[in-house]
Structure formats: C-alpha cells, structure tokens
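Engineer: structure for the following, please:
(chains A and B)
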There are 2 protein chains.
Amino acid sequence: MQDRTKPAADGGAERADLSTTARVLGIVRSNGNTSRAEIARITGLSRSTVTLHVDRLLEHRLLLETGLASSTGGRRPYIIQFNKAAGYIGCIDLGSTTVGLGIANLGGEVVSERTYASDVQEGPEASLSRARDDIKALLDSSGLSEDRLQALCIGFPGPVECGTGRPVAPPLMSSWDRYPIREFLARDFECPVYVDNDANLMALGEQWTGLGHGIDNFLFVNVGTGIGCGIVCQGQLYRGADGCAGDIGHGEIENQSAVCRCGNIGCLEAVAAAPALVRMATEAAVREPGSKLAEHLAVHGKLMARDISYYAVQGDRSSVEIIKLSGQLIGHVLAGLANFFNPSLIILGGGVSQAGDPWLASIRHEVYRRSLPLASRNLVIQRSRLGGRAGLVGGAILATQQLLSETGLARVTAITGVK
Amino acid sequence: MQDRTKPAADGGAERADLSTTARVLGIVRSNGNTSRAEIARITGLSRSTVTLHVDRLLEHRLLLETGLASSTGGRRPYIIQFNKAAGYIGCIDLGSTTVGLGIANLGGEVVSERTYASDVQEGPEASLSRARDDIKALLDSSGLSEDRLQALCIGFPGPVECGTGRPVAPPLMSSWDRYPIREFLARDFECPVYVDNDANLMALGEQWTGLGHGIDNFLFVNVGTGIGCGIVCQGQLYRGADGCAGDIGHGEIENQSAVCRCGNIGCLEAVAAAPALVRMATEAAVREPGSKLAEHLAVHGKLMARDISYYAVQGDRSSVEIIKLSGQLIGHVLAGLANFFNPSLIILGGGVSQAGDPWLASIRHEVYRRSLPLASRNLVIQRSRLGGRAGLVGGAILATQQLLSETGLARVTAITGVK
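Structural biologist: So this is what the prediction gives:
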C-alpha cells in the first residue's frame, strides 16, 4: 500500500475479480494463520484461483508468508498471515467534553494515544484543527512518517449520514450540522477519511478485541453527555436504513418533565445522562446545605458527574439515589430493547458507566425485572473493559474494513497495475 | 425430491461441495431466469464447476432448463429457472382465535387455503389434530398426493425456541409450554416440520411477495389477541440470540394499570391489543347506556374487536377514542423502535390492523412526533396488503429455505446417490 490518491479502474469483470480477492483477504484476517489449501476448502475455489488472489495480496504486502506449516501428507504448505503493519490508521474519538486520539495498525492495535479535554461546542473548525495537529504530532512521536497513514477515522457524538459522513441535526451542535468533516481533513491528509457515530465505533472495537468478541448480537450503550447505542447484529455493525440506528437517547420517558437539548421533553438523555446527574446533584446540594454534595459545590463552585459517582461510592445517600435513578431509567429502556432485539450481551460504556456498582445494579435489576424470561435468561450486562479505548480500536477496524473492501482494494491495485 | 426420510451422508468435503450447490441454487431462486455464464460471473467459479452444480440440481428437478436465451456472441445459453413445483409445503398459521391453513408451492404461491375459528386454549393435541386433518383434506381437494408435501411449517403466537421448535413460556397457554409440536405432526407426515413465531413468518411473507419485497430493514407488527413483531434486518429474518427477538407486547407502558395475561402490569399488549379494545368498549357501553356500543352489547351479549372498528368507522365517539388510544400506545413504542432500529418500513398486520384509518393515523402521528428527524424522514408506515395470507406465504418460504439449504440438500442427494 503506497500512494493512495489515484482513482480506481472500474471495469465490471475486474471488480468481480477483486471481490474474490477481498473475500480471500477477509478469510485470512478472521482466521489468523492459514494456508492456500484451507482458503480453497472454505471458498470452494480451485487451488490455482486461490494462488492468483493470494499472490496479488502478497505483492501488495497485505499478506505475508510467515513459514511452513506441518505437512498433512504432501508438500508442507506456506503459512499465510494478514500483515497488520501494512499501514496505520489515525483515530479520533470526538466526545462532547473529551477528545481521544490514537494511531493504530490495521489489526486494530493502538500503538500510541492521547486524550484531552475539549468542548465540541467550540465548533468544527476549532475541534478538527486541534485534532489534525495532534494526530500529526502523535505520528511524529511514534516515529511514523505521514505516508504510513492509510486512513483517518472519526467518531462523532451524534447521527452521521452514511454516504456523506456528515453529521445530521446533532442536538445542540448546530455548527456541526452537515459540516463536511471529511473534506476538512482531506485538505491536510492524503488518505481516505471515514466518519461514523461514536457508539457504532465503540461497538466495533468491543467486537474486535473486547467483551463482544465472537458475540453475534450485542449492544454497546454509551452513556456520557448523551446516550447512544451501537448495534452488532448477526456479527455485523448495524446502522439502519438511514444510518442512525441506535439513537436511544431521545425516546420519551413518561412522567419526566426535563427539557432535552433536542427540544423535546422527557427524553432518556435529559433524565439519565451526565448533565442530568449534575442537575439533580446541584438541586440536592441546594436542598441539603450540610451534605457532601453541598460542601463540594461550595468549595469547587460546580459538580461534575464523576464527583457524584465518587460520593455515591462513599455512601452519600443523595448521590446514591441519583445514580440509581439514572440506572433505573436506562434499565427501563434497555428492558424493552432486550425484548425487541434479544441480544446476548449489553455492554455499558462512556463516562457515566464508571458510576460504580449501584448504577450497574439498578440497570440489571430493571432489565431482568421487565424483560421476558426467554429474552433475559442468557443475557449478560457488563461494563466495557476497553473503556475510552473502545472508540479508537473501532475506528481502526472500520477504516481497515473499508480499505480492504473490494472498493478499497480497487484503489490499491490501480496504483501499481498489478492484476 | 422424492423420499425424505433417509439421513444425509455427512463427509466434510461433500458438505463443502453441497454448500456451493446451495449457493448456486440460491442465486437462481433470487435472480429468476439466469444462465450458467451468469452464475459463473456472480460466484467467480469456473464454468465447468458451475455446470457440475447446475447438472446436479437439474437431476433433482430443483432447476429446469426452460429454453434458449438470445446470444451474446457465442452459442445461445440455456435459460435456467428454479422449479417452484418441485414440491409443496403445508402451512399452518395458528392464531389465538383463528387458524389459517394453506398449501403452497416452493415459490411461496398459495395454491389452496382455508380459515376457521379455533381457540388456541383448547391445547396442543386438539388444535394440532384438527390442523393435521384439515391439511390432509386440503391436499386431497387440491388433487395433490401426500408424497408431494416436502415440509410442514407452523406459525405459533408466542416465543419459539429455535433449535427445538418448541414454544417457551407462552403467556396464558401453559399447555403449549415446551410442547413437541414437530414430533406430534411427524407421526402423521413423513416430511420435516418447522415451527416459528407467527410474526416472524408474516415478516418473511411480506418480504417475499408483499410490501417488504426488496426492503432490507423493516418491521412487521402483528396486532391481534397479542402484539408481536417480525424483524427483517439486512435482508434476513432476525431472531435474536435466543430466538425471541421482536417480542414487543410485554414492554411496560407507564401509567397503565391493566394486568397482562403474562402476569405483569401495564404491558403494551394489555392496553392496546384486541382484548383491551373489548374491555374498554364494554366499560364504555356500561357507562353510556344509549350508545351504539351499549345497544350492540344488549343485542349480542358481547363485543368483539371488529365491532369496535365498525362503530369507529361509523363515527361513534367512544369507539373512535378506544381505537385512537390503542394506536397512540402502539405508536409510542414504535417511535422508540424507529429510533433504535431505523427501519425504512413498518408494516401493520393482524386483526386489529383492520381497525380503520383513525388507528393507523394515531400510530403514524405518534411515531412521527417522537422519533428523530433522520430516523423518520424516509420511514413508511403501512397496513399489510397480504393480510391473513402473510403467515402462510412466510411459512412456505421458511420451509423452502430450509429444504434448499446445505443441510436440506444433503438429505436430497443422500437419497438418490447423485453426487
């Protein structure tokens, strides 16, 4: 993989052929060490056809021959492996209040990363300029030249239109609405730029290397400033008809009067995400002047979600109640989704998921109380183990999938003329 | 396809080969008229390999050569077609109050059908004996001998365990819990028996020949005595981790005190399905002695869901209000699912879906009011056009898919010894 700017030659026959190359590559990626004979067995293709495709991939250094396997009767076959170091991905996880950056290889391994506080409200130019500069600095400090970067992938905390990679009507981020993120970054990087919803990327990260590995149907629920959900369905990231599947933050919770940043009343996000915890804690501090929350507010001038988690773990009654209410309301929605989607796993991530055991316990209690026996008898509900890294890993995996798809490979083969 | 009782020879290599045969057959089924060259182009297989698989399928009369296509340069290729009349499927749509029966060919075309009132509460032996006898009678009256039947498929109005085809804890149908439906019918029919949730089969029917044709992501919502939902996701029926996906009838609706037949309080089903309409209408009749509902109750001794629909269409205020409330509560749940699943189509079926325009209008109003702009801007909400036939068509399609899968084909080839 070298120069990445030339467009692909796009004849029908050649594309069909590339689709087989992409299929062969996909098999090697998911199987780990394999051989030509094994690929022939899985695909039903002849040995000579498999060799054609494998040779093409070896030529582009996307596959490596790493030795000889033990014989099963005839000649010892070559072990074939996907070359994770064929390139690197720059990953940007754009949170509402925090940005995560990482450089990962094509195997989703993050080789270098950093995190900084940033307000997405500053608008796209400010946010993206900073991220661009920091990705360049991160490459530099990792000893990687910019031409090793095969793609950029950005997770955005709101709905993203699939085809264009543009945010669509993100609540309270009007300056981001339909902003051409790809085009902005393409000015400074000569590689493809991919944009997706942040929870989608987190789900993909968990599928690749976290709790979701090998799980066909699961949900990743991201609870931070907002609430979003990534869906893995039959082993694939599911985006829905318009690319906005998983937007569970704005369903209506009855009997709740809080106004949401989307303008509606009683959205889940408005009553259970980080700003709602802060609102409730601030109200409690005012109501109970001698309490820990009131003391904290007096000293620091403000409360943050993590402070409430801290006091909840310390046993502060108001903090525990707030945390539990958030869990209960989220659990109510997840119970309905357990019945509808019947996943075998729900992973909880995002800042609020660090709120301690009472939060997780409330969610579990509510889900198991209201979902059907058959839907919940094998259902596991866990906190993410990847934490803040889930979105970076997922970004690398998404970009790699695109690069190694039929269309992505068409770019690569067009460059060198190797058929 | 002849004798169907012998088990398959199950060598690894032969199965791999059969998987290609199944793939070739799948391509012909979905493409309609095609040719060996076209199949080679789509699969990337050599012409001689394609011919091997096509010949095997011709031999089993699963494919037919129906003539010569026009030449594209060389010899005129044979047109190849799937043979829909290679066998027939007996379909049973087991409703709570009505049973639908049909004989369909392998193309999902119902060649003969009938419907009768029946109470699922009578228990499995009574229900299934009647259905068994009627399927035999239906075959007879269609001039089809029993050995033309390649499979039976039963839609059950409750959760079904995928592997065993047994109902699991169906609300208020305790005699059906884990009842061996397959084994019961296998005593009298020498063909495979498939069991699935009724809404799943209806979704499949709509996908094959109804509003869902060509739609990748849609929901079929069945509103009758209960409320269920079939999910088509990325073009495939989605059953979830335990096979009970789509069970939306028992999500909790806040502020509702009605006790559900599942034992919980405030389930959607308990406040918006047919029995809830009847309960509300009966209450209204008692409350308003001179009303149309009261008159009907006095004359007939009871009210049924279709009576309420009738009076709603006539403009009776109480009936309209009841119908609208049902639509509103269902719409509330569907709005959440539109955000989560982002389908491009929601099809409404089942007896209550015949409740007239106010019901449909209430659902649409609620969904469009509470779902996100991006999730609903292309969302279509329609009443089923297949009506009661959706489940029969879906049953035929499900059974055909199983018969023509790798495992199904293994049975067929084991019989005649054709490799």
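
Engineer: and the gap between residue A:306 and chain B?
Structural biologist: Relative to chain B, residue A:306 is positioned 28 Å away (C-beta to the nearest C-beta, to the nearest Å). To be clear about C-beta, it is placed using only N, CA and C from the backbone, and glycine gets the same treatment.

Engineer: in the helix or strand that contains that residue, what counts as buried?
Structural biologist: For residue A:306, the host element (DSSP states H and E) is helix A:305-313. For helix A:305-313, the neighbour count (16 or more other C-beta atoms under 10 Å in any protein chain shown) marks A:305, A:307-312 as buried.

Engineer: tell me the one among those residues nearest to chain B.
Structural biologist: Proximity of the buried residues of helix A:305-313 to chain B was ranked by C-beta to the nearest C-beta; the top entry is residue A:305 with 23.6 Å.

Engineer: thought that closest one was touching residue A:355?
Structural biologist: Yes: contact criterion C-beta atoms under 8 Å: residue A:305 and residue A:355 qualify, at 7.4 Å.

Engineer: identify the contacts common to these two.
Structural biologist: Listed as contacting both residue A:305 and residue A:355 by C-beta atoms under 8 Å, 6 or more residues apart in numbering or on different chains are residue A:277.

Engineer: now do the strands in chain A.
Structural biologist: Remark: strands assigned in chain A by DSSP state E are A:63-68, A:78-82, A:88-94, A:98-105, A:110-117, A:149-156, A:160-161, A:166-167, A:193-197, A:218-223, A:227-233, A:236-238, A:345-349, A:380-383.

Engineer: in a markdown table: those, plus mean neighbour count, mean pLDDT and distance to residue A:281.
Structural biologist: As requested, the strands of chain A are exported to a markdown table (neighbours: other C-beta atoms under 10 Å in any protein chain shown; pLDDT from 0 to 100; distance: least, C-beta to C-beta, whole Å):
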| stretch | mean neighbour count | mean pLDDT | distance to residue A:281 |
| --- | --- | --- | --- |
| strand A:63-68 | 15 | 90 | 54 |
| strand A:78-82 | 20 | 93 | 48 |
| strand A:88-94 | 29 | 97 | 26 |
| strand A:98-105 | 23 | 96 | 20 |
| strand A:110-117 | 14 | 95 | 20 |
| strand A:149-156 | 25 | 96 | 28 |
| strand A:160-161 | 20 | 89 | 32 |
| strand A:166-167 | 22 | 94 | 30 |
| strand A:193-197 | 24 | 96 | 28 |
| strand A:218-223 | 29 | 98 | 16 |
| strand A:227-233 | 27 | 97 | 18 |
| strand A:236-238 | 19 | 96 | 35 |
| strand A:345-349 | 26 | 97 | 20 |
| strand A:380-383 | 17 | 97 | 21 |
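
Engineer: and these: which comes nearest chain B?
Structural biologist: strand A:227-233 (5.4 Å).

Engineer: contacting residues for residue A:275?
Structural biologist: residue A:225.

Engineer: from residue B:273, how far out is it?
Structural biologist: Using C-beta to C-beta, to the nearest Å, we find residue A:275 at a distance of 38 Å from residue B:273.

Engineer: repeat that for residue A:305.
Structural biologist: Taking C-beta to C-beta as the criterion, residue A:305 is separated from residue B:273 by 40 Å.

Engineer: try residue A:173
Structural biologist: 40 Å.

Engineer: repeat that for residue A:112.
Structural biologist: Counting by C-beta to C-beta, the separation of residue A:112 from residue B:273 is 56 Å.

Engineer: more neighbours: which of residue A:173 and residue B:273?
Structural biologist: Each of residue A:173 and residue B:273 has its neighbours counted (other C-beta atoms under 10 Å in any protein chain shown); residue B:273 has more, 29 against 19.

Engineer: any idea how far that one is from chain A?
Structural biologist: Distance from residue B:273 to chain A, by C-beta to the nearest C-beta: 15 Å.

Engineer: surely that residue is in contact with residue B:250?
Structural biologist: No: in this structure, residue B:273 is not within contact of residue B:250 by C-beta under 8 Å, at 10.9 Å.

Engineer: can you pull out the helices in the stretch 251-400 of chain A?
Structural biologist: Secondary structure of the stretch 251-400 of chain A (DSSP state H, counting those that start in this stretch): helices located at A:268-272, A:274-287, A:292-300, A:305-313, A:317-341, A:357-370, A:373-376, A:390-403.

Engineer: which residues of the stretch 1-150 of chain A score low on pLDDT?
Structural biologist: Where the stretch 1-150 of chain A drops to pLDDT under 70, the residues are A:1-16.

Engineer: go with 50
Structural biologist: A:2-16 (pLDDT under 50).

Engineer: for stretch A:167-181, buried residues please.
Structural biologist: A:167-171, A:173, A:176, A:179, A:181.

Engineer: ugh, typo on my part, it should be stretch A:249-263
Structural biologist: For stretch A:249-263, burial by neighbour count (16+ other C-beta under 10 Å) applies to A:249-253, A:256, A:258, A:260-262.

Engineer: what about that stretch, how long is it end to end?
Structural biologist: End-to-end distance for stretch A:249-263: 13 Å, by C-alpha to C-alpha, to the nearest Å.

Engineer: any chance of the strands of chain A in a markdown table, with distance to chain B too?
Structural biologist: Shown next, in a markdown table, are these (distance: least, C-beta to the nearest C-beta, whole Å):
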| stretch | distance to chain B |
| --- | --- |
| strand A:63-68 | 18 |
| strand A:78-82 | 19 |
| strand A:88-94 | 18 |
| strand A:98-105 | 24 |
| strand A:110-117 | 28 |
| strand A:149-156 | 13 |
| strand A:160-161 | 8 |
| strand A:166-167 | 10 |
| strand A:193-197 | 11 |
| strand A:218-223 | 8 |
| strand A:227-233 | 5 |
| strand A:236-238 | 6 |
| strand A:345-349 | 8 |
| strand A:380-383 | 10 |
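
Engineer: closest one to residue A:337 among those?
Structural biologist: Relative to residue A:337, the nearest member of the strands of chain A by C-beta to C-beta is strand A:218-223, separated by 6.7 Å.

Engineer: what's the angle between the closest one and strand A:345-349?
Structural biologist: Taking axes from the mean of the first three to the mean of the last three C-alpha atoms, to 10 degrees, one finds strand A:218-223 and strand A:345-349 inclined to each other by 20 degrees.

Engineer: chain center to strand A:218-223: distance?
Structural biologist: Mean-position distance between strand A:218-223 and its chain equals 10 Å (C-alpha atoms, centre = their mean, to the nearest Å).

Engineer: ok, the residue in the stretch 151-300 of chain A positioned nearest to chain B - contacts?
Structural biologist: Here the residue of the stretch 151-300 of chain A nearest chain B is residue A:240; by C-beta to the nearest C-beta that distance is 2.6 Å. Neighbouring residues of residue A:240 by C-beta under 8 Å, 6+ apart: A:246, B:217, B:341-343, B:375.

Engineer: quick one: least confident of the residues you listed?
Structural biologist: Across the contacts of residue A:240, the member with the lowest pLDDT is residue B:375, scoring 89.

Engineer: what's the neighbour count on residue A:184?
Structural biologist: Residue A:184 has 16 nearby residues by other C-beta under 10 Å.

Engineer: let me know the pLDDT of it.
Structural biologist: We have a pLDDT of 96 for residue A:184.

Engineer: you'd agree it is up against residue A:127?
Structural biologist: No: taking contacts as C-beta under 8 Å, residue A:184 lies outside contact range of residue A:127: 10.0 Å.

Engineer: residue numbers of the stretch 251-400 of chain A in contact with chain B?
Structural biologist: Proximity of the stretch 251-400 of chain A to chain B, by C-beta under 8 Å from any C-beta of the partner chain, involves residues A:251-255, A:262, A:264, A:332-333, A:335-337, A:339-344, A:370, A:372-375, A:377-379.

Engineer: and these, which of them are buried?
Structural biologist: A:251-253, A:262, A:264, A:332-333, A:335-337, A:339-343, A:370, A:372, A:374-375, A:379.
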